[in-house]
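Need coordinates for the following:
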Amino acid sequence: MLLTEGNLSAGATFTLLGFSDFPDLQVPLFLVFLIVYMVTVLGNLGMIMIIRTSPQLHTPMYFFLSHLSFVDFCYSTTITPKLLENLVVEERTISFPGCIMQFFLACLFAVAETFMLAVMAYDRFVAVCSPLLYTVVMSPKLCTSLVAGPYTLGIVFSLPLTYFLQALSFCGSNIINNFFCEHSAIVSVSCSDPYISQVLCFAIAILNEGLSPWGYKLDVRALMRPLHSAYENRRVVACSSVADYPELQIPLFLVFLIMYIVTVVGNLGMIIIIKINPKFHTPMYFFLSHLSFVDFCYSSIITPKLLENLVMADKSMSYASCMLQYFLSCTAVVTESFLLAVMAYDRFVAICNPLLYSVAMSLRLCALLVAGSYLWGMFGPLVLLCYALQLNFFGYNVINHFFCEYTALIAVSSSDTHIPHLLLFGFATFNEVSTLLIILTSYAFIFVTVLNIRSASGRRKAFSTCASHLTAITIFHGTILSLYCVPNSKNSRQTVKVASVFYTVVNPMLNPLIYSLRNKDVKDAFWKFINTKVPSH
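From the prediction side, this is the model:
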């Protein structure tokens, strides 16, 4: 038994602060996390059931995947129910044994998942590098041993941490500044010397990450950072981005100017090539031309003003221009998000139903899908804009950003910004969840279909068809999500600005390069276009 008689803290209780900083968001957050938890439970248990009941999925890869789903289900169930409870009850307490048990299980499943992902990487290595020996090497006995390993290591790594943690004394106001019993949060409220526990935690974390490069940790509290800006007192004076670094103004101007030129030439060039070449008059390239158009517009909404501010002493912007820039940039980014989801659906139909592709992806449906992306791209930002226009702004307002970003804009308002923040959170959550759900579902079916293709050349062709799109999705959604997962530090705003540069300036430049460099047909059409337009001497 871990709780020893000598530990006077065994009867202590802890208070989990969770998201209590946002009392008005408790019910919306409860609904969001409840939906996420239900999707997690249904998705993971459904995956396990499908794998167990389908003989064609009785392979090492799916065997490991079923255990990964089980670990994800357990990990979520260890933390989320208590989080949901704390969002709807006033008393957010948890007993000392309950807290220690939650930490132990959460640590166990986090470590187990880390090593399970490493095992799955090894399985893919054997399958790709030694396909003829795959069934011999990945025998049932080895697979069982490889699965038992992550669970065993999860227990071995978690037990010492739990032992030293339960030996600590707690004699004050035991308020844990987190939504679950995380190690550093528990140690910070102890009145004992936590040195040994912290050293052990550090050593185990280093060992864990060193043995498995697939380890990861996501600070979920940081997801709420955009909402927290409304409760901070910001000093504001016009649009300010790199004003603190005057020596970088000219170098940055040249860098962003080159990037903008590449963006304009690349995206407009992609549109022209697709429009003039009958070979590219297909749904895939139709969507790609609209993606290039959105990228061109997005970059042109933000970059020219950024370039102007880098060389002008007066960095001011009128109220009307700022609101217009916000609306257009938000419309472009939401439209791009849904266009990428539409393109994932297009790839799903092309690979999973090739014989029905031309019928399913009719011209009318393609036009509707694109129109829907533009319309939804305008609807959400328009609602947010209506509330932003009702806010009051007094004096000389400094926006701590390089463009009129929504949270930075309403942070300088003297009005109550609680409703705009609520709307932003709900709108952003819906967009990310819905588009990623479409993308992940489409590629899950694509992955299963490709695995059933007998010829290696057919599999390569199918994967190469999706490679460019997957790269674009990873860069776009990865960068946006990273904005809400930056570590807590006094430099985090600078980090957010740097990440914003990436998805507003860099990403529109990369998309045409990604689709052209990885696509032989586009490259051939490009050089053919150059040869016909540029006379040879």
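
so who does the residue nearest the centre of the chain touch?
Central residue of the chain (Cα atoms, centre = their mean): Leu481, 3.5 Å from the mean position. The neighbourhood of Leu481, defined by Cβ atoms under 8 Å, 6 or more residues apart in numbering, consists of Glu432. For glycine as for every other residue, the C-beta is placed from the backbone atoms N, C-alpha and C.

sec struct for it, please.
helix (DSSP: H, G, I helix; E, B strand; the rest coil).

which residues sit against stretch 466-477?
So stretch 466-477 is contacted by 291, 336-337, 340, 343-344, 347, 351, 432, 435-436, 439, 443, 446, 503, 507, 510-511, 514-515, 518-519 (Cβ under 8 Å, 6+ apart).

Please, a PyMOL command that selects the buried ones among these?
To isolate in PyMOL the members of the contacts of stretch 466-477 that are buried, counting by 16 or more other Cβ atoms under 10 Å, one can use:
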select buried, resi 291+336+337+340+343+344+347+351+435+436+439+443+446+503+507+510+511+514+515+519
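
circling back to that earlier point, how close does the residue nearest to the centre of the chain get to Ser76?
Counting by Cβ to Cβ, to the nearest Å, the gap from Leu481 to Ser76 is 18 Å.

Helix or strand: which one has Tyr443?
Secondary structure from DSSP states H and E places Tyr443 in helix 418-451.

Any stretches of the stretch 301-450 of the chain with poor pLDDT?
395-396 (pLDDT under 70).

Now with 80, please.
By pLDDT under 80, the low-scoring segments of the stretch 301-450 of the chain are 313-315, 393-397, 400-402, 406-408, 410-411, 413-418, 421.

What are the boundaries of the strands in it?
Secondary structure of the stretch 301-450 of the chain (DSSP state E, counting those that start in this stretch): strands at 398-399.

What segments of it are helices?
319-352, 357-360, 363-389, 406-411, 418-451 (DSSP state H, counting those that start in this stretch).

Distance to Lys82 added to the ones you listed, as a markdown table?
Shown next, in a markdown table, are the helices of the stretch 301-450 of the chain (distance: least, Cβ to Cβ, whole Å):
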| stretch | distance to Lys82 |
| --- | --- |
| helix 319-352 | 32 |
| helix 357-360 | 45 |
| helix 363-389 | 32 |
| helix 406-411 | 29 |
| helix 418-451 | 21 |
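
from those, which stretch is densest packed?
Most buried of the helices of the stretch 301-450 of the chain, by mean neighbour count (mean count of other Cβ atoms under 10 Å): helix 406-411, with a mean of 22.

okay, now the domains of this protein?
Under the assignment automatic domain parsing, the domains of the chain span 13-216, 229-526.

how about the helices of the stretch 301-450 of the chain, which one is nearest Val41?
helix 418-451 (15.3 Å; Cβ to Cβ).

helices and strands of the chain: which one bottoms out on pLDDT?
helix 225-228 (a mean of 36; mean pLDDT, DSSP states H and E).

if we can go back for a sec, closest to Pro150 out of the helices of the stretch 301-450 of the chain?
Short answer: helix 418-451, nearest of the helices of the stretch 301-450 of the chain by Cβ to Cβ, at 22.6 Å.

Check which helices and strands the closest one is in contact with.
Here helix 418-451 touches helix 26-53, helix 225-228, helix 319-352, helix 363-389, helix 406-411, helix 456-482, going by 3 or more Cβ pairs under 8 Å, 6 or more residues apart in numbering; DSSP states H and E.

The longest one vs helix 363-389, what angle?
Relative orientation of helix 319-352 versus helix 363-389 (axes from the mean of the first three to the mean of the last three Cα atoms, to 10 degrees): 150 degrees.

Distance from the chain centre to helix 319-352, please.
16 Å (Cα atoms, centre = their mean, to the nearest Å).

relative to helix 418-451, how tilted is it?
Using the same axes, to 10 degrees: helix 319-352 against helix 418-451 is 20 degrees.

what pLDDT does Phe476 get?
Here the pLDDT value assigned to Phe476 is 77.

Now the strand or helix carrying Tyr62: buried residues?
Assigned by DSSP H and E, Tyr62 falls within helix 60-88. Buried residues in helix 60-88, counted by 16+ other Cβ under 10 Å: 60-80, 82-84, 86-87.

same for that helix, what does it pack against?
Packing partners of helix 60-88 (3+ Cβ pairs under 8 Å, 6+ apart): helix 26-53, helix 96-129, helix 140-166.

Show the subsequent helix or strand relative to the longest one.
By that I understand helix 96-129. In N-to-C order, the element after helix 96-129 by DSSP H and E is helix 134-137.

Tell me where the stretch 151-300 of the chain has helices.
183-188, 195-211, 225-228, 249-276, 283-311.

As TSV, the ones you listed with distance to Pro55 would be great.
Below are the helices of the stretch 151-300 of the chain laid out as TSV (distance: least, Cβ to Cβ, whole Å):
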stretch	distance to Pro55
helix 183-188	43
helix 195-211	34
helix 225-228	47
helix 249-276	44
helix 283-311	34
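
Indicate which one of those is closest to Phe19.
helix 225-228 (9.2 Å).

Make a markdown table out of the helices and strands packed on helix 418-451 and add distance to Met284.
As requested, these are exported to a markdown table (distance: least, Cβ to Cβ, whole Å):
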| stretch | distance to Met284 |
| --- | --- |
| helix 26-53 | 28 |
| helix 225-228 | 34 |
| helix 319-352 | 6 |
| helix 363-389 | 10 |
| helix 406-411 | 33 |
| helix 456-482 | 8 |
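
Select, out of those, the one closest to Leu422.
helix 26-53 (6.4 Å).

pretty sure Ile439 is touching Ala341, no?
Yes - counting by Cβ atoms under 8 Å, Ile439 touches Ala341, with 5.5 Å between them.
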